[in-house]
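Asks: Here is the input, now give the coordinates:
(2 chains)
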Amino acid sequence: EIVLTQSPGTLSLSPGERATLSCRSSQSVSSSYLAWYQQKPGQAPRLLIYDASSRATGIPDRFSGSGSGTDFTLTISRLEPEDFAEYYCQQYGRFGQGTKVEIK
Amino acid sequence: EVQLLESGGGLVQPGGSLRLSCAASGFTFSSYAMTWVRQAPGKGLEWVSGISGSGGATYYTDSVKGRFTISRDNFKRTLYLQMNGLRAEDTAVYFCAKDWTTDGPLFVCDHWGQGTLVTVSS
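Replies: Numbering: from 1, shown residues only, chains lettered A, B, ... in the order given. All right, here's what the predicted structure looks like:
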């Protein structure tokens, strides 16, 4: 069974800083199935990235995804106040445990 | 505009049953795989079950196999999740969601409902 491990668990940053979130798979996976979501408290998840690096409709270009094989990264180039949230990677259904991006 | 509206959640005793529904609009329902994802209070997202656009293929996470059944009625544009043998650990908000592409099922979801709360407790 493939396990997705996200790191760090919590990222404390200030607005304007760069955020780098990691998602590591226990086995090599197809990039076609790798996605990233943002979730804010009390809300449904929002698709940010699919196919490891393609931005979903309406997603600002400060969000970017990269990686292949077992290592994937979500980068937020300059954090805006609305970006402080929980982020999840997903591969063919299964989710990582999440990374919380909080205001420092 | 794509809309997904879940219903059917509530309080149920351990061992009981519930059927969740998700009414869809704003897209060609039968062309897209659909998914149920749940989130226990204060916890992360957990993929539960998925179904192909035709309904001919279904998928489940191990913890619900044999207890939950996903189905869809493409004429009614509605997704279902029949949950039997409910346990305390099934307590969660259940979201329905649609695949972002018709080339699925990929279970990568671009539209989500707001969720329905299922509480399993005596």
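
Asks: Show me which residues of chain A sit near chain B.
Replies: Taking CB under 8 Å from any CB of the partner chain, the part of chain A that reaches chain B is made up of A:32-33, A:35, A:37, A:39, A:44-47, A:50, A:56-57, A:86, A:88, A:90, A:92-98. Yep, even glycine has a C-beta here, placed from its N, CA and C like the rest.

Asks: wait, what's in contact with the most centrally placed residue in chain B?
Replies: Centrality entry for chain B: nearest residue to the mean C-alpha point is residue B:36, 2.8 Å, by CA atoms, centre = their mean. By CB atoms under 8 Å, 6 or more residues apart in numbering or on different chains, residue B:36 lies in contact with B:20, B:22, B:47-50, B:70, B:79, B:81, B:94-97.

Asks: Make JSON lines from these and add distance to residue B:112 and secondary structure to it.
Replies: Putting these into JSON lines (distance: CB to CB, whole Å; DSSP: H, G, I helix; E, B strand; the rest coil) gives the following:
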{"residue": "B:20", "distance to residue B:112": "14", "secondary structure": "strand"}
{"residue": "B:22", "distance to residue B:112": "10", "secondary structure": "strand"}
{"residue": "B:47", "distance to residue B:112": "13", "secondary structure": "strand"}
{"residue": "B:48", "distance to residue B:112": "13", "secondary structure": "strand"}
{"residue": "B:49", "distance to residue B:112": "15", "secondary structure": "strand"}
{"residue": "B:50", "distance to residue B:112": "14", "secondary structure": "strand"}
{"residue": "B:70", "distance to residue B:112": "16", "secondary structure": "strand"}
{"residue": "B:79", "distance to residue B:112": "12", "secondary structure": "strand"}
{"residue": "B:81", "distance to residue B:112": "15", "secondary structure": "strand"}
{"residue": "B:94", "distance to residue B:112": "11", "secondary structure": "strand"}
{"residue": "B:95", "distance to residue B:112": "5", "secondary structure": "strand"}
{"residue": "B:96", "distance to residue B:112": "7", "secondary structure": "strand"}
{"residue": "B:97", "distance to residue B:112": "4", "secondary structure": "strand"}
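
Asks: Intersect those residues with the contacts of chain A.
Replies: Okay, of these touching chain A (CB under 8 Å from any CB), that's B:47, B:50, B:95, B:97.
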